[in-house]
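In: Next input, structure requested:
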Amino acid sequence: MIKWAIIFAIAALVLGALGFGGLAGASMGIAKILFVAALIIAVIFLVLGLTAVRKIT
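Out: Below is the predicted model:
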């Protein structure tokens, strides 16, 4: 998911440099949503991993 966020961010930079402001804004919005979603999923898995280790040991 982070890979796609980076791809959309780079696409937004290229589109912004070429003058396509609307598409650049949309691409950056998608990149932000994907990055936040990946961050939330990573935190959830971190919490689940820590609680599983405590129950196992």
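In: Give me the below-cutoff pLDDT ranges for the chain.
Out: Low-confidence segments of the chain (pLDDT under 70): 57.
In: any idea which residue sits dead centre in it?
Out: For the chain, F35 is the residue whose C-alpha lies nearest the centre (C-alpha atoms, centre = their mean; 1.5 Å).
In: Name all residues that make contact with the nearest residue in space to that residue that is not next to it in sequence.
Out: Spatial nearest neighbour of F35, chain neighbours left out: A5 (4.3 Å); criterion: C-beta to C-beta, 6 or more residues apart in numbering. Where C-beta positions appear, they are placed from N, C-alpha and C, glycine not excepted. For A5, the contact set (C-beta atoms under 8 Å, 6 or more residues apart in numbering) comprises A31, K32, L34, F35, A38.
In: From those residues, pick the one nearest A52.
Out: A38 (20.8 Å; C-beta to C-beta).
In: related to what we said a few turns ago, okay but the residue nearest to the centre of the chain is in contact with I7, surely?
Out: No - counting by C-beta atoms under 8 Å, I7 is not a contact partner of F35; they are 11.5 Å apart.
In: ok so, going back, show me what whichever strand or helix holds the residue nearest to the centre of the chain packs onto, helices and strands only.
Out: According to DSSP states H and E, F35 maps onto helix 21-56. Contacts defined by 3 or more C-beta pairs under 8 Å, 6 or more residues apart in numbering; DSSP states H and E place helix 21-56 against helix 2-18.
In: Helix 21-56 and the helix it packs on, what's the angle between them?
Out: Orientation check (axes from the mean of the first three to the mean of the last three C-alpha atoms, to 10 degrees): helix 2-18 against helix 21-56 gives 160 degrees.
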